[in-house]
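S.K.: What follows is a predicted protein model with its sequence.
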Amino acid sequence: MPVLVVVGLQWGDEGKGRVIHTLARRAYAVARYQGGNNAGHTLVLGNNEVLALHLIPSGIVYPNVRCYIGNGVVVDPKALYEEIGHLAKRGVRIGRRLGLSPLCHVILPYHLSLERYLGEGSRLGTTQRGIGPSYRDKIARLGLRVLDYLNTPRFQERVMANVRELLAPFARPSEIRSIERETFETQKKLAPFLKRLLADVSIEITDALSRGRRVLLESAQGTFLDVDFGTYPYVTSSNPVAGYAPCGVGIGPKIDAVLGVAKLFTTRVGEGPFPTEIHGALASQIRETGLEYGATTGRPRRIGHLDLTMIRKACRLNGVTHLALTKLDTLAGLASLKVCVGYSWRGKIFKDFPDDPEILAKANPVYKELPGFSGDLTSVKRWSDLPGAAKRLVDETAAFAGVSPAIVSLGRKADNQIVLDAGFAREWLTGG
Ligand code: IMP
Ligand code: MG
């Protein structure tokens, strides 16, 4: 019963979507286990068409792959409806291949209003999709789940109570009534649509695993946006770490492999500490070459040197068994590369990426300088054909992390990659 978790080791946007795109072809099912439509997974298809997914797992592009949205995900019914419509226009038909857990909490218009009233967009740099307020209601035991969305009297009663209590400090009564009206109208329109997607995700995945089928659990965001382990409070409101994956789809904690995805430089979108951040010409060059703009909000991503202490810590937190290192091609042409191997503060050296935001803000990264490399790497298919300095960057990263690299990606398309681990390839990429 093989379960593979694919998890981001930095602040999201590591290239999980493209990696899952290559793995999902052989999977029976792909399931999302946390987050919501704050995510943006960019896939580049064979015909160079670019597809941005937000809520639907990246496996959906293969007509034989079943996709699930697990109980740990928060779902904006309108966003889901629009994403399915968008996919249909691009020729990707969902049919009966998408299963939605009735236990998912929903994001309602009042969550979007609350996030605005609370100023979380400017304070934390959130994606303003209502993610934080929806998870907050879940933990406060006020939330509405998909199964409540499908029960109109219960839905209306609970929405009215919530909206009146939660929005009262911020909104005029007429505004509150108009939010209520919008919520009820949307629910009436979209409840039949959600109903058709319902699936008992826990039963279906357990059943697939007992038949020996391959299941991928796909995280959104990244380890340093995790609400427990990330750069709190500049984090998302869920747990992207691999340990949450079984909980977020309703299976027991048996995972066969954890593929940690890390980009060979660092990016962050939104506010919060970023000790290896760089500015100026070098940052712009990497941003333009790597097309580092948010897939959900279009914001330019902040750019920084590779932080090996983050990768090592994330490998520990997630129990990473295999590494996928991405965007090696983006670094081609730089004279040299700096990688962070520790932090110094008040005469002390920290080998682990610090938890304390004050230390993160004040400590100085300790860099190791590696030689640069050049040339167009996108079509390289064999490890031995890579420039020596490119191989060295991969090797140093894997050695520091203590995990061997399984995949190195060199371009936007699924096949722009080198697979280094034959065992992993047999199990997840080429097996029957
Ligand atoms: P929220 O998830 O919208 O509440 O945003 C919280 C933080 O997580 C902000 O810094 C966002 O920019 C960041 N974030 C949320 N989703 C993603 C993602 O998919 N990729 C990168 N950053 C994200
Ligand atoms: Mg993204």
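M.R.: Structure's in. What do you need? Ligands and ions are numbered 1, 2, ... in the order given.

S.K.: interface residues of the protein facing ligand 2?
M.R.: For the chain, the contact set with ligand 2 under Cβ under 5 Å from the ion comprises 13, 40, 295. C-beta coordinates here come from the backbone N, C-alpha and C atoms, glycine included.

S.K.: are any of these buried, and which?
M.R.: Buried subset of the residues of the chain next to ligand 2 (neighbour count, 16 or more other Cβ atoms under 10 Å): 13, 40, 295.

S.K.: Could you dump the residues of the chain next to ligand 2 into a markdown table with pLDDT and distance to residue 132 added?
M.R.: Below are the residues of the chain next to ligand 2 laid out as a markdown table (pLDDT from 0 to 100; distance: Cβ to Cβ, whole Å):
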| residue | pLDDT | distance to residue 132 |
| --- | --- | --- |
| 13 | 96 | 19 |
| 40 | 89 | 17 |
| 295 | 88 | 19 |
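
S.K.: got the contact list for whatever residue of the stretch 251-400 of the chain ends up closest to ligand 2?
M.R.: In the stretch 251-400 of the chain, no residue comes nearer to ligand 2 than residue 295, which is 4.7 Å away by Cβ to the ion. Residue 295 is in contact with 13, 40, 41, 42, 52, 54, counting by Cβ atoms under 8 Å, 6 or more residues apart in numbering.

S.K.: Tell me how far it lies from residue 267.
M.R.: As judged by Cβ to Cβ, to the nearest Å, residue 295 and residue 267 stand 12 Å apart.

S.K.: Which neighbours do those two have in common?
M.R.: Between them, residue 295 and residue 267 share these contacting residues under Cβ under 8 Å, 6+ apart: residue 13.

S.K.: Name the helix or strand of the chain that has the lowest mean pLDDT.
M.R.: The helix or strand of the chain with the poorest confidence is strand 41-44; it has a mean of 85 (mean pLDDT, DSSP states H and E).

S.K.: Quick check: neighbours of the next helix or strand after that strand in the sheet, parallel or antiparallel?
M.R.: Downstream of strand 41-44, the next assigned helix or strand under DSSP states H and E is strand 50-53. According to DSSP bridges, strand 50-53 has the following sheet partners: strand 41-44 (antiparallel).

S.K.: do the strand it pairs with and ligand 1 meet at all?
M.R.: No - judged by Cβ under 6 Å from any ligand atom, strand 41-44 stays clear of ligand 1, getting no closer than 7.9 Å.

S.K.: Run through the residues that contact the nearest residue to residue 404 once chain neighbours are set aside.
M.R.: The shortest distance from residue 404 to any non-neighbouring residue, by Cβ to Cβ, 6 or more residues apart in numbering, is to residue 398 (5.7 Å). Counting by Cβ under 8 Å, 6+ apart, residue 398 makes contact with 323, 325, 404, 405.

S.K.: Can you tell me which of the residues you listed is nearest ligand 1?
M.R.: Using Cβ to the nearest ligand atom, residue 325 is the member of the contacts of residue 398 that lies nearest ligand 1, at 18.1 Å.

S.K.: Tell me the strands beside whatever helix or strand that closest one lives in, with direction?
M.R.: Taking DSSP H and E as the criterion, residue 325 maps to strand 322-326. Its sheet considered, strand 322-326 pairs with strand 257-263 (parallel), strand 405-409 (parallel) by DSSP bridges.

S.K.: how far is the shortest one from where the chain is centred?
M.R.: This means strand 405-409. 18 Å (Cα atoms, centre = their mean, to the nearest Å).

S.K.: Can you name the residue of the stretch 1-150 of the chain nearest ligand 1?
M.R.: residue 12 (2.8 Å).

S.K.: same check, this time on the stretch 301-432 of the chain
M.R.: residue 301 (8.0 Å).

S.K.: how close does that residue get to residue 113?
M.R.: 27 Å.

S.K.: With only the CA atoms kept, save stretch 227-244 in PDB.
M.R.: The C-alpha trace of stretch 227-244 is given here as PDB (Å, rounded to 0.1, in the frame of the first residue of the first chain):
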ATOM      1  CA  VAL A 227       1.400  27.100  11.400                       C
ATOM      2  CA  ASP A 228       3.500  25.100  13.900                       C
ATOM      3  CA  PHE A 229       6.900  25.100  12.400                       C
ATOM      4  CA  GLY A 230       7.000  28.000  10.100                       C
ATOM      5  CA  THR A 231       8.100  31.600  10.700                       C
ATOM      6  CA  TYR A 232       5.100  32.300  12.900                       C
ATOM      7  CA  PRO A 233       3.100  34.500  12.700                       C
ATOM      8  CA  TYR A 234       4.000  35.000   9.100                       C
ATOM      9  CA  VAL A 235       2.600  31.600   8.100                       C
ATOM     10  CA  THR A 236      -0.500  30.100   6.700                       C
ATOM     11  CA  SER A 237      -3.200  28.600   8.900                       C
ATOM     12  CA  SER A 238      -2.700  24.900   8.300                       C
ATOM     13  CA  ASN A 239       0.000  22.200   8.500                       C
ATOM     14  CA  PRO A 240       1.800  21.500   5.200                       C
ATOM     15  CA  VAL A 241       4.200  19.200   7.000                       C
ATOM     16  CA  ALA A 242       4.100  15.500   6.000                       C
ATOM     17  CA  GLY A 243       3.000  14.400   9.400                       C
ATOM     18  CA  TYR A 244      -0.400  16.100   8.800                       C
END
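
S.K.: Just the buried positions in it, please.
M.R.: Neighbour-count burial for stretch 227-244 [16+ other Cβ under 10 Å]: 227, 229-231, 234-244.

S.K.: same check, this time on stretch 89-96
M.R.: Those would be 92, 94, for stretch 89-96 by 16+ other Cβ under 10 Å.

S.K.: List of residues touching it?
M.R.: 49, 51, 56, 60, 61, 63, 84, 87, 88.

S.K.: Around residue 106, count how many other residues there are.
M.R.: Neighbour count of residue 106, defined by other Cβ atoms under 10 Å: 26.

S.K.: and the contacts of stretch 89-96, which of them are in helices?
M.R.: 84, 87, 88 (DSSP state H).

S.K.: Give me the distance between the first one and ligand 2.
M.R.: Applying Cβ to the ion, to the nearest Å, one obtains 19 Å for the distance of residue 84 from ligand 2.

S.K.: Please name the residues that touch that residue.
M.R.: Per Cβ under 8 Å, 6+ apart, neighbours of residue 84: 56, 94, 98.

S.K.: just to revisit the earlier point, of the contacts of residue 295, closest to residue 126?
M.R.: Nearest to residue 126, judged by Cβ to Cβ, of the contacts of residue 295 is residue 40 at 13.5 Å.

S.K.: Can you read off the pLDDT for the residue nearest to the spatial centre of the chain?
M.R.: With distances taken as Cα atoms, centre = their mean, the residue of the chain nearest its centroid is residue 220 (2.0 Å). Per-residue pLDDT puts residue 220 at 97.
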